[in-house]
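K.L.:
Fold the following and give me the result.
(one chain, ligands or ions: 2)
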Amino acid sequence: MFSGLKGPGESQAKDGSNLRIAIVHARWNTTLIEPLVAGAISRLKASGVLSENITIQSVPGSWELPIAVQRLYAGSQIQASTSSSASGDLLGSATDLPSLVVQAEGLSTGSKGDGSLSVSKGGASGKAKGKEGPFDAIIAIGVLIKGETVHFEHIAEVTSRGLMRVQLDFGVPLIFGLLTILNEEQGRKRAGLTEDGHNHGEDWGDAAVEMAIKRKQWSEGIILSEREA
Ligand SMILES: Nc1c(NC[C@H](O)[C@H](O)[C@H](O)CO)[nH]c(=O)[nH]c1=O
Ligand SMILES: CC(=O)[C@@H](O)COP(=O)(O)O
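P.N.:
Ligands and ions are numbered 1, 2, ... in the order given. All right, here's what the predicted structure looks like:
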């Protein structure tokens, strides 16, 4: 897919075993979204990111990506403060009994769809409980396909700006996984669904690990030079 000078170059994704990564994807154009999400997950795991430390959330369309990423990241920050106060003292920020039980037991809650609460051990799917606390990086995935109107341009512009704003406002690496394509064939190529295609989701997974590790180092004052000047 990448010919000549194009492409991200050799992956710099190192050990992701201690990272917490979120993937937020739109559901529009799901036949392209699904392989892109799968590609990102495959590379996260190839770098050692644990399954229980990969959080996946979906939104209706790309327009919803910025708000979802912003609120999800803010929520992960609250988790950190809640779990640290819960470990420090039983009451923490939650004082109602159900929340205390959920916290104390390391349970997770969900909705049964009839408005009642379901509570299960471990993560929402019952799997091993992953890390809590702020995400180390977030991958936003969407596919915008040009139609007959200028709807495409409006969403592409503001969604891109919105994602960049969240990234800089919150200081969290936000991997740009928004495909803005003119036709479905362009999308199939970039989702790795054609012989000459390449799954861009793989690049986004690598980028998330690389940037999460570098952000962690920089936030601890660890400044390493990648090469001799
Ligand atoms: N046409 C596409 C959309 N449109 C939907 C919007 O993103 C949004 O969900 C809706 O306007 C409600 O706020 N979304 C995509 O991701 N891709 C498209 O091609
Ligand atoms: C990106 C879009 O919203 C686009 O697919 C909508 O198509 P149209 O411009 O024909 O309404």
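
K.L.:
Can you list the low-confidence ranges for the protein?
P.N.:
1-4, 13, 83-127 (pLDDT under 70).

K.L.:
Which residues of it lie near ligand 1?
P.N.:
Residues of the chain lying close to ligand 1 by C-beta under 6 Å from any ligand atom are 26, 28-29, 60-64, 142-145, 155. The way it works is simple: take the backbone N, C-alpha and C, and place the C-beta from them, glycine included.

K.L.:
switch to 8 Å and redo it
P.N.:
The chain comes close to ligand 1 at residues 26-29, 59-64, 142-145, 147, 151-152, 155, 159, as judged by C-beta under 8 Å from any ligand atom.

K.L.:
Please identify the helix or strand for the residue of the chain found nearest ligand 2.
P.N.:
Relative to ligand 2, the nearest point of the chain is residue 147 (2.2 Å; C-beta to the nearest ligand atom). Assignment of secondary structure by DSSP states H and E places residue 147 within no helix or strand.

K.L.:
Over to residue 154?
P.N.:
Applying DSSP H and E, one finds residue 154 within helix 151-170.

K.L.:
name the helices or strands packed onto that helix?
P.N.:
Here helix 151-170 touches helix 65-88, strand 137-145, strand 174-181, going by 3 or more C-beta pairs under 8 Å, 6 or more residues apart in numbering; DSSP states H and E.

K.L.:
now for the ones you listed, which one comes closest to residue 217?
P.N.:
Nearest of the helices and strands packed on helix 151-170 to residue 217, taken as C-beta to C-beta: strand 137-145 at 13.2 Å.

K.L.:
circling back to that earlier point, nearest to residue 212, of the helices and strands packed on helix 151-170?
P.N.:
strand 137-145 (3.9 Å).

K.L.:
Parallel or antiparallel, list what pairs with that closest one.
P.N.:
strand 21-26 (parallel), strand 174-181 (parallel) (DSSP bridges).

K.L.:
Now the element after the longest one, going C-ward?
P.N.:
Put plainly, it is strand 174-181. Next helix or strand after strand 174-181 toward the C-terminus (DSSP H and E): helix 184-190.

K.L.:
Any part of that following helix near ligand 2?
P.N.:
No - interface with ligand 2: helix 184-190 contributes nothing (C-beta under 8 Å from any ligand atom), its closest point being 10.8 Å away.
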